[in-house]
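S.K.: no sequence on hand, only this structure:
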């Protein structure tokens, strides 16, 4: 049977994936621009299309706390958030990953206050990159839909058991309608299988304690286990993707290379900006300029080897950061990518662009100017400055 | 007791055995330990009532000593003893 193509926004694509997953519990609090996810899911629940226990909590701190309890009890559990909501979840984010609870959470990226702003940048999830969650960044609603289904399988893998954030750009992706190829319900259910919590709080035959005091003597060992779980994620995600591939006929690796193999200069970016960059790459290629794009899909686990391999032959690379880390030394993605490339004997010249903060639009001409800068950098043997601000007055 | 490595313990700090709190020896948190003058002790068991760590050992309704594997050395027993027969000493 031909795949059904639905006209969905990123938020609707997330809600539709969640409907097919049909988690046992969904605990969430509405926040722009994530609201549509929970709103649509509530509609599914009200219409009797899903049997999920919806918990309308009083804050995101409570949402994530309810998720922690539900997954520990043995329920497949999901939530969704944005920006301030993610910030309010903060301490429980660490508890979810430390307790190895496979919660899958769509995050609609939005700038953090202050000042208050509802539009896209990545400052919310970049701040959470050390919280022990796996992070996937999606270019469009199609990727959102498929990544959420994939994330369930990754999170619940016995050798991984880590929560996953599936990120999409606020409004740009979350409220933009695109055609999304969808799978049949039973195909999704068959792929994800049944959630079996090995350490269920409700199993009276095997009573256990979650979250006891853990001091100098064993805390470190548990953190070492968490580091190993993330290393296992790195090892096992390609295999999980391979099992998903026949369903979608798409290959979702840690990274996506776009016309990069013979490129002289390249841009590394995340999420919806990759779509914009692909258009510019195609335009410049028509002019005979050897440009390419490296889309980073997974930030956690960090695919260092894949990045090194993809960028090693380039003469110059620009890393686009949609958040500022206020280090006076570039954004978070830039620093991690640049650090990975330290292994290379012959390194590409590198520069960083902080862009799009608070939803500031980034258009084709700006991306084009970055490629032009890169050719100048190659010509002059280095960038004018390590960190640049793209599109600021 | 030799402590286990990260590969040998349950994930996430889970305690998979019920009623196992006594196996966690908290005695090494202690700086001062309680020492009793047996001759002065009247076995009123006020120390037993107050001890927050169940570390006063009692046999046949008599105070017989301290559980030093769990006593954290808080000194409450010494403070509440009506005969002042418990002293806190280094160790």
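M.R.: Sure, I can see it. These numbers were taken from a predicted model, which means no experiment stands behind them.

S.K.: how about the residues of chain B by chain A?
M.R.: B:3-6, B:9-18 (C-beta under 8 Å from any C-beta of the partner chain). Quick note: C-beta positions are derived from backbone N, CA and C, even for glycine.

S.K.: and these, which is closest to residue A:34?
M.R.: residue B:12 (27.7 Å; C-beta to C-beta).

S.K.: near that closest one, how many other residues are there?
M.R.: Neighbour count of residue B:12, defined by other C-beta atoms under 10 Å in any protein chain shown: 20.

S.K.: the spatially most central residue of chain A bridge partners, please.
M.R.: Nearest residue to the geometric centre of chain A (C-alpha atoms, centre = their mean): residue A:136, 2.4 Å. Counting by DSSP bridges, residue A:136 is bridged to residue A:166, residue A:298.

S.K.: that one touches residue A:151, doesn't it?
M.R.: Yes. Using C-beta atoms under 8 Å, residue A:136 makes contact with residue A:151 at a distance of 6.4 Å.

S.K.: who touches both of these two?
M.R.: Counting by C-beta atoms under 8 Å, 6 or more residues apart in numbering or on different chains, the contacts common to residue A:136 and residue A:151 are A:164, A:166.

S.K.: what sits closest to the residue nearest the centre of chain B if chain neighbours are left out?
M.R.: The centre of chain B sits closest to residue B:71, judged by C-alpha atoms, centre = their mean, with a distance of 2.4 Å. Distances taken as C-beta to C-beta, 6 or more residues apart in numbering or on different chains put residue B:55 closest to residue B:71, at 4.0 Å, once the chain neighbours are dropped.

S.K.: could you report the distance from that neighbour to chain A?
M.R.: Separation of residue B:55 from chain A (C-beta to the nearest C-beta, to the nearest Å): 17 Å.

S.K.: again with residue B:30
M.R.: 14 Å.

S.K.: that residue - how many residues pack around it?
M.R.: 17.

S.K.: quick one on the thing from earlier: SS state for the residue nearest to the centre of chain B?
M.R.: Look at residue B:71: counting by DSSP: H, G, I helix; E, B strand; the rest coil, its state is coil.

S.K.: quick check: phi and psi on it?
M.R.: phi -60, psi 120 (degrees, to the nearest 10).

S.K.: that one and residue B:36, how far apart?
M.R.: 12 Å (C-beta to C-beta, to the nearest Å).

S.K.: so what's the gap between the helix ranked longest in chain A and the chain middle?
M.R.: When chain A is parsed with DSSP state H, its longest helix is helix A:219-248. Offset of helix A:219-248 from its chain centre (C-alpha atoms, centre = their mean, to the nearest Å): 15 Å.

S.K.: what does stretch A:100-111 give?
M.R.: Centre to centre, stretch against its chain (C-alpha atoms, centre = their mean), the figure for stretch A:100-111 is 8 Å.

S.K.: and for stretch A:125-135?
M.R.: For stretch A:125-135, the distance to the chain centre is 9 Å (C-alpha atoms, centre = their mean).

S.K.: before we move on, what about stretch A:77-90?
M.R.: 14 Å.

S.K.: please enumerate the helices of chain B.
M.R.: B:46-50, B:76-80.

S.K.: how about stretch A:203-218, which residues are buried there?
M.R.: Across stretch A:203-218, burial judged by 16 or more other C-beta atoms under 10 Å in any protein chain shown covers A:208, A:210, A:218.

S.K.: show me where pLDDT drops low in chain B?
M.R.: In the predicted model of chain B, residues B:1 satisfy pLDDT under 70.

S.K.: ok, now chain A?
M.R.: A:1-2.

S.K.: flag every residue of it that's near chain B.
M.R.: Counting by C-beta under 8 Å from any C-beta, chain A sits next to chain B at A:98-100, A:161, A:199, A:206-212, A:214, A:217-219, A:221-222, A:224-225, A:228-229.

S.K.: ok, residue A:256 touching residue A:298?
M.R.: No. Counting by C-beta under 8 Å, residue A:256 does not reach residue A:298; the two are 10.6 Å apart.

S.K.: more neighbours: which of the two?
M.R.: Each of residue A:256 and residue A:298 has its neighbours counted (other C-beta under 10 Å); residue A:298 has more, 22 against 18.

S.K.: that one contacts residue A:129, correct?
M.R.: No. Using C-beta under 8 Å, residue A:298 is not in contact with residue A:129; the gap is 11.3 Å.

S.K.: any residues in contact with both of those two?
M.R.: Joint contacts of residue A:298 and residue A:129 (C-beta under 8 Å, 6+ apart) are residue A:135.

S.K.: measure the residue nearest to the centre of chain B to residue A:123 for me?
M.R.: Distance from residue B:71 to residue A:123, by C-beta to C-beta: 49 Å.

S.K.: how about residue A:298?
M.R.: From residue A:298 to residue A:123 the distance is 19 Å (C-beta to C-beta).

S.K.: OK, contacts around residue A:178?
M.R.: A:7, A:8, A:9, A:140, A:141, A:142.

S.K.: how far away from the center of its chain is stretch A:147-167?
M.R.: With C-alpha atoms, centre = their mean, you get 11 Å for stretch A:147-167.

S.K.: sorry, back to before: list the contacts of the residue nearest to the centre of chain B.
M.R.: Counted by C-beta under 8 Å, 6+ apart, residue B:71 has contacts B:27, B:30, B:33, B:34, B:51, B:53, B:55.

S.K.: give me the beta-bridge partners of the fourth one?
M.R.: Counting by DSSP bridges, residue B:34 forms beta bridges with residue B:88.

S.K.: just give me the neighbour total for it.
M.R.: Neighbours of residue B:34 using other C-beta under 10 Å come to 24.

S.K.: do I have it right that it meets residue B:75?
M.R.: Yes. Residue B:34 is within contact range of residue B:75, at 7.1 Å (criterion: C-beta under 8 Å).

S.K.: what sits in contact with each of these two?
M.R.: In contact with both residue B:34 and residue B:75: residue B:88, using C-beta under 8 Å, 6+ apart.

S.K.: how about residue A:38: what's its closest non-neighbour residue?
M.R.: Here the residue nearest residue A:38, using C-beta to C-beta, 6+ apart, is residue A:28, at 4.6 Å.

S.K.: typo on my end, it should be residue A:263
M.R.: Closest to residue A:263 by C-beta to C-beta, 6+ apart is residue A:292, at 3.3 Å.

S.K.: in its sheet, what does the helix or strand harbouring that neighbour sit against?
M.R.: Per DSSP states H and E, residue A:292 falls inside strand A:291-296. Using DSSP bridges, the strands paired with strand A:291-296 are strand A:255-258 (antiparallel), strand A:265-269 (parallel).

S.K.: how many residues are close by residue A:45?
M.R.: 17.

S.K.: can I assume it sits in a helix?
M.R.: Yes. Checked against three-state DSSP, residue A:45 lies within a helix.
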